[in-house]
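> have a look; sequence and predicted model below, questions after that.
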Amino acid sequence: MSEDSKFTEQYWRETLTPEQYHVCREKGTEAPFTGEYWDVFADGTYHCRGCGALLFESETKFDAGCGWPSFSAPADKGAIDEEFDSSHGMRRTEVVCHNCGSHLGHVFPDGPAPTGLRYCINSASIKLDK
């Protein structure tokens, strides 16, 4: 993660809405089927809500039926970091923005070919650039 000094607590509070802050900075989760992008399939690129880094491309977005935006691969392997998450009594792999450390969601091994991965991402942590 970048150690950029602009990512202060004040920056996060001024940049993000309360829901975005909860998801991105407190590792929260929006309710399924409620986020801005769960059912959007427009062409474009998805960027980190906190810092603007490119994270995902629309070509890899698919309907997983889970209620969150799902992608089969990040735009670049270096765009995200993976961390072990044992919260809520589960064993999962959390994904965070490599640039600013914002919580994005989780990755699961039940996605489509060719990767077999499903990046299950909170709409509150991404922004679509059409």
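Yep, it's here. Residues are numbered from 1 along each chain as shown.

> quick one: mean pLDDT over the helix ranked longest in the chain.
Ranked by residue count, the top helix of the chain under DSSP state H comes out as helix 18-26. Along helix 18-26, the predicted confidence averages to a pLDDT of 97.

> which parts of it are buried?
Within helix 18-26, the residues that qualify as buried are 20-25, counting by 16 or more other Cβ atoms under 10 Å. Using the backbone N, CA and C atoms, a C-beta is placed for each residue, glycine as well.

> list just the nearest of those residues to A42.
Distances from the buried residues of helix 18-26 to A42 were compared by Cβ to Cβ; the smallest belongs to Q20, at 20.1 Å.

> state the distance from the closest one to I126.
Counting by Cβ to Cβ, to the nearest Å, the gap from Q20 to I126 is 10 Å.

> ditto for C48
When distance is defined by Cβ to Cβ, C48 is 7 Å away from I126.

> what of R25?
R25 is 15 Å from I126, where distance means Cβ to Cβ.

> which parts of the protein are helices?
Taking DSSP H to define them, one finds helices in the chain at 9-15, 18-26.

> partners of the lowest-mean-pLDDT helix or strand in the chain, with directions?
Lowest mean confidence among the helices and strands of the chain (mean pLDDT, DSSP states H and E): strand 80-85, at a mean of 91. When pairs are called by DSSP bridges, strand 80-85 turns out to pair with strand 92-97 (antiparallel).

> picking up where we left off before, with neighbour numbers in mind, choose between C48 and I126.
Set side by side, C48 and I126 give different neighbour counts by other Cβ atoms under 10 Å, the larger being at I126 (28 against 24).

> wait, what's in contact with the residue nearest the centre of the chain?
If you average the C-alpha coordinates of the chain and look for the closest C-alpha using Cα atoms, centre = their mean, you land on L104, 2.7 Å from that point. Under the criterion of Cβ atoms under 8 Å, 6 or more residues apart in numbering, the contact list for L104 reads 48, 55, 80, 95-97, 119, 121-122, 125-126.
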